[in-house]
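Q: Please work out how this folds:
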Amino acid sequence: MDEIRAFFDQLGWLANLAELLGFVVLLITLLSVHVLRAEQREGNKKITLLLEVEGQPSRSYPVPGTIRRKDFSRAEIMGRLGMIPRKDKTASQFNLGYVRNPKFLADIERIYELKADVIMTIPCSSSEYEQFDFS
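A: Model prediction:
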């Protein structure tokens with residue numbers, strides 16, 4: 001019996017090591033949860049699209065709804081713009097020169113990196129603005 005007790009006394013360091021390892025795993029888990037929640041908060045930031053005639057802020061149209069930062073992409077913007085009704089019902093697509101400009105992609109990247117609520121202004125000419133039916 002004394003031999004068994006002596007054996008378990010010698011294993012005490014193993015129990016201490018297991019406690020220490022458990023504590024380290026706990027700290028790593030808490031840090032991971034904190035980082036994940038921070039990423040989720042950043043991903044839920046809102047981006048609003050505003051279609052605006054260049055030089056005429058009074059002629060602007062806030063595109064309905066907002067885009068969450070984690071869903072923010074060129075395709076999402078194009079889809080939102082494509083949902084705005086057009087005066088010419090036979091037209092299958094809208095025509096905006098800005099979306100074919102490299103500045104458009106640079107603006108998307110810049111806004112995505114901001115990690116904050118943002119309004120993205122999409123400039124257009126008067127004729128491009130008039131193609132949409134905002135009624």
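
Q: Next, find the distance separating the residue nearest to the spatial centre of the chain from Ser32.
A: With distances taken as C-alpha atoms, centre = their mean, Arg69 lies nearest the centre of the chain, 1.9 Å away. According to C-beta to C-beta, to the nearest Å, Arg69 and Ser32 sit 21 Å apart. Quick note: C-beta positions are derived from backbone N, CA and C, even for glycine.

Q: Give the next helix or strand downstream of the worst-scoring helix or strand of the chain on mean pLDDT.
A: The helix or strand of the chain with the poorest confidence is helix 2-10; it has a mean of 75 (mean pLDDT, DSSP states H and E). Next helix or strand after helix 2-10 toward the C-terminus (DSSP states H and E): helix 12-43.

Q: Flag every buried residue along the helix or strand that that following helix is followed by.
A: Later in the chain than helix 12-43, the nearest helix or strand by DSSP H and E is strand 46-53. Neighbour counts over strand 46-53 (16 or more other C-beta atoms under 10 Å) mark 47, 49, 51-53 as buried.

Q: and the direction of the helix or strand that comes right after strand 46-53 versus that of strand 46-53, what angle?
A: Heading C-terminal from strand 46-53, the first helix or strand you meet, by DSSP H and E, is strand 56-62. With axes from the mean of the first three to the mean of the last three C-alpha atoms, to 10 degrees applied, the angle from strand 56-62 to strand 46-53 works out at 130 degrees.

Q: Flag every buried residue along strand 56-62.
A: Tyr61.
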